[in-house]
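Undergrad: here is the input, now give the coordinates:
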Amino acid sequence: MALGASGSYARFGLNDENGGARGLGGWKLACPRFQQYPFESADLLDGVLACGSTAPVLIVAASLAPRPGRPDWNAFVAAVERRLAQDYSCEADLGVRLCKRLPK
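TA: Take a look at the predicted model:
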């Protein structure tokens, strides 16, 4: 990972990436939910956001996008995007955003 040889990260998005964790051998997953789905409950997605928001680095898949007829998912996507805009600096690379927490 371009951000360093080790650290802690969380990930938002579906399981649609080819090798999404490639190159992260020294990195530790900060949250147990590595992938999320539009059919999951608001409570579960709220927990994912709460945990992910504590990570210093986020990997955000292109699949983190609104879906018709999925209000809980769409609220989750909007909440993640708000958090990214407030607390992280992101760079896009091949359909994945790498986001690093801004210093406070």
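
Undergrad: number of nearby residues for residue 42?
TA: Using other C-beta atoms under 10 Å, residue 42 is surrounded by 12 other residues. Every C-beta, even on glycine, is put in place using the N, C-alpha and C of the backbone.

Undergrad: now swap in residue 101 and tell me
TA: Residue 101 - counted by other C-beta under 10 Å - has 14 other residues nearby.

Undergrad: go ahead and confirm residue 63 touches residue 11.
TA: No: using C-beta atoms under 8 Å, residue 63 is not in contact with residue 11, being 10.8 Å away.

Undergrad: what residues sit buried inside stretch 53-67?
TA: Applying a neighbour-count criterion of 16 or more other C-beta atoms under 10 Å, one finds 53, 55, 57, 58, 59, 60, 61, 63, 64 buried in stretch 53-67.

Undergrad: what residues does that stretch touch?
TA: In this structure, residues lying in contact with stretch 53-67 by C-beta atoms under 8 Å, 6 or more residues apart in numbering are 1, 3, 7-14, 16-17, 20, 27, 30-31, 36, 38, 52, 73-74, 77-78, 80, 83-84, 87-88, 90, 95-101.

Undergrad: same check on stretch 76-96?
TA: In this structure, residues lying in contact with stretch 76-96 by C-beta under 8 Å, 6+ apart are 12, 17, 20, 36, 42, 45-46, 48-49, 52-53, 58-62, 64-66, 97-102.

Undergrad: how about the helices in the chain?
TA: With helices called from DSSP state H, the chain shows them at 42-52, 71-87.
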